[in-house]
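>>> 3D, please:
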Amino acid sequence: MTLLVGVALAAAGGAVLHAAVPGDGNAPQDELTGGATTVHADGRNAFSFPAANLSDEERTRFVIGNSFFRRNWVQSPASTTARDGLGPHFIARSCGGCHVQDGRAAPPSFRKGLSDEQPVGLLLRLSVPGKEKFGFPKPEPVYGDQFANHAVQGVKPEGQIVMRWEEVSGRFADGTRYTLQKPIYGFRKLAYGPMSRDVMVSPRIAPQLIGVGLLEAIPEQEILNNAALQAASPGPIKGIPNRVYDAFAEREMIGRFGWKANAATLAHQTASAFLGDIGITSARFSREACTDAQKDCLAARNGNDPDTKVEIDDETLGNVIFYQATLAPPARRFMNDSRVEQGRQLFMQAQCATCHRPSYTTAQGPFPKLTSKALQGQTIWPYTDLLLHDMGDGLADGRPDHAASGKQWRTPPLWGVGLIKDVNGHTRLLHDGRADGILEAILWHGGEAEGSKQRVLQMNQAERAALVKFVESL
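Below is the predicted model of the structure:
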């Protein structure tokens with residue numbers, strides 16, 4: 001990637017690269033987290049660069065997709081017909097409203113007592129016992145499959161989310177004490193009456209988007225191999241793949257995206273998020289997310305195109321999918337720091353790499369027209385097995401999602417985690433942002449990962465710092 005391209009992207013909302021992508025072949029292999037797609041970048045825009053090996057034509061498509069990802073949609077009718085159709089219910093006005101700077105959202109700030117500060121980028125999934133067609137969770141009958149606390153004019157928001165925090169305390173073997181904060185969720189000002197008594201609620205924070213196209217290009221067999229290897233190995237770590245119906249492939253596939261791996265492809269994930277989070281219909285998600293009890297929502301005017309009968313056309317949606325697919329992972333940092341090497345060894349000794357598998361070689365993704373050949377054949381270092389693991393009672397949401405139980409979560413990739421503070425100004429981790437930093441995230445591990453957590457609890461302060469430094473280098 002040339003400096004001129006970096007400057008052009010800066011004018012379109014990006015930033016100039018911190019350093020050129022190395023091309024002399026002398027960099028350590030795992031420094032280039034995304035192979036030839038990798039960029040050397042830091043700062044607020046570290047997650048917003050295109051893959052370094054895209055063609056000029058693909059860079060243009062990246063910029064177009066970026067514009068529809070970041071800019072707000074508006075209520076219909078509007079003079080801006082290419083962007084009208086917001087709502088009727090919604091959580092954000094744009095994709096970038098949750099994934100700010102293509103990064104990670106955070107929960108409302110910790111406060112003692114009950115807080116009704118409304119989250120941005122933290123949504124609450126809803127369901128009741130049972131399954132729908134293709135095995136999808138059965139939506140709560142009045143409020144649907146996720147709670148929307150915003151609405152267009154003339155439509156009532158579904159209500160407000162309230163949160164309180166409980167302290168969870170413990171200590172390391174060296175006597176150092178720690179205190180974690182556990183969020184408890186609730187609702188108030190429900191606009192359409194009470195929820196079902198057996199409603200199940202699952203919080204989901206918006207994660208950073210770097211490298212998602214590379215994750216999609218990991219061969220399916222590699223994910224199955226991860227499960228088979230763990231099943232055949234001694235010990236409690238026994239990850240399983242989620243299997244979900246994909247609206248674009250029109251078949252069941254292995255889930256890769258979402259905190260419970262409940263979406264198999266970026267296309268499905270993106271189109272369903274347009275509908276559920278912004279209220280924008282598309283060809284495969286063409287019905288507004290209004291339940292029968294929400295009469296004002298059902299009566300609201302939409303922004304449907306007269307020909308397609310939906311609010312975002314296939315070409316525009318495809319450009320947004322392409323944009324996300326080609327967001328580059330930044331290169332590793334601190335490679336010459338001795339603490340990083342010490343932390344790597346501790347990471348391996350604690351068996352963290354069993355679930356956070358370091359490396360893969362990519363192949364072709366499921367929809368070549370929605371991605372780039374530049375992502376194929378790359379040796380990548382995401383540190384995930386893309387499997388579901390029982391993480392114990394402490395992290396359980398009690399809500400099944402396809403093959404995922406109420407205790408299971410997908411192993412999140414670790415690349416770029418040390419740059420979240422640069423990009424988004426916080427260090428909140430895990431599925432609902434409860435952990436403030438890497439060490440707290442580890443301390444929430446239980447279930448299959450209890451043994452790894454216990455090893456970390458035995459580490460002294462210097463060892464814990466080295467472990468964190470290693471993970472931050474990824």
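>>> give me the neighbour count for the nearest residue to R251 once chain neighbours are set aside.
Spatial nearest neighbour of R251, excluding adjacent residues (CB to CB, 6 or more residues apart in numbering): Y245 at 7.3 Å. C-beta here means a position set from N, CA and C on the backbone, and glycine is covered the same way. Counted with other CB atoms under 10 Å, the neighbours of Y245 add up to 18.
>>> Y245 against K131, yeah?
No - Y245 is not in contact with K131 according to CB atoms under 8 Å; the separation is 11.2 Å.
>>> ok so, going back, can you tell me the helix or strand for the residue nearest to R251?
Under the criterion of DSSP states H and E, Y245 resides in strand 243-246.
>>> spatially nearest residue to the residue nearest the centre of the chain, not counting backbone neighbours?
For the chain, the residue lying nearest the average C-alpha position, counting by CA atoms, centre = their mean, turns out to be P207 (3.3 Å). Sequence neighbours aside, R104 is the residue nearest to P207 in space, at 5.5 Å (criterion: CB to CB, 6+ apart).
>>> isn't the one you found up against I420?
Yes - R104 is within contact range of I420, at 5.2 Å (criterion: CB under 8 Å).
>>> joint contacts of those two?
Overlap of the contact sets of R104 and I420 (by CB atoms under 8 Å, 6 or more residues apart in numbering) consists of 208, 426, 428.
>>> okay, now the second one: neighbour count?
Which is H426. Per other CB under 10 Å, the neighbour tally for H426 reads 17.
>>> and what about it, helix, strand or coil?
Following DSSP: H, G, I helix; E, B strand; the rest coil, the label given to H426 is coil.
>>> you'd agree it is up against I420?
Yes - the pair H426 / I420 is scored as a contact, 7.0 Å apart, by CB under 8 Å.
>>> point out where the chain drops to low pLDDT.
Residues of the chain meeting the criterion pLDDT under 70: 1-28, 110-114.
>>> again, only this time at 80
For the chain, the stretches with pLDDT under 80 are 1-29, 80-81, 110-116.
>>> quick check: domain ranges of it?
Split into domains by automatic domain parsing, the chain comes to 3-67+208-237+324-396+405-473, 75-207+267-312.
>>> got the residue ranges for the strands in the stretch 351-474 of the chain?
360-361, 379-380, 388-390, 408-410, 428-429, 435-436 (DSSP state E, counting those that start in this stretch).
>>> now swap in the stretch 51-200 of the chain and tell me
89-90, 122-131, 137-138, 150-151, 160-171, 177-188, 200-205.
>>> just to revisit the earlier point, what's across from the residue nearest to R251 in the sheet?
E252 (DSSP bridges).
>>> what's near enough to touch it?
Shown in contact with Y245 (CB under 8 Å, 6+ apart): 134-136, 251-253.
>>> surely G193 meets V142?
Yes - counting by CB under 8 Å, G193 touches V142, with 6.0 Å between them.
>>> V100 is in contact with the residue nearest to the centre of the chain, correct?
No - look at P207 against V100 with CB under 8 Å: they stay out of range, at 11.8 Å.
>>> ok so, going back, between R104 and I420, which is the more surrounded one?
Neighbours per residue (other CB under 10 Å) separate R104 from I420, with R104 holding more: 27 against 22.
>>> what about the more buried one, distance to T427?
Distance check for R104 against T427: by CB to CB, to the nearest Å, it reads 9 Å.
>>> anything in contact with each of the two?
I420.
>>> and for A325, nearest residue in space, chain neighbours not counted?
Leaving aside its chain neighbours, A325 sits nearest to G213 (3.0 Å; criterion: CB to CB, 6+ apart).
>>> buried residues in the strand holding Y245?
244-246 (16 or more other CB atoms under 10 Å).
>>> in TSV, list these along with distance to C355.
Shown next, in TSV, are the buried residues of strand 243-246 (distance: CB to CB, whole Å):
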residue	distance to C355
V244	20
Y245	25
D246	24
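>>> just the residues you listed now: which is nearest M459?
In terms of CB to CB, no member of these lies closer to M459 than V244, at 37.4 Å.
>>> which residues does the residue lying closest to that closest one once chain neighbours are set aside contact?
For V244, ignoring the flanking residues on the chain, the nearest one in space by CB to CB, 6+ apart is G255 at 4.5 Å. Counting by CB under 8 Å, 6+ apart, G255 makes contact with 241-244, 261-264, 402, 410.
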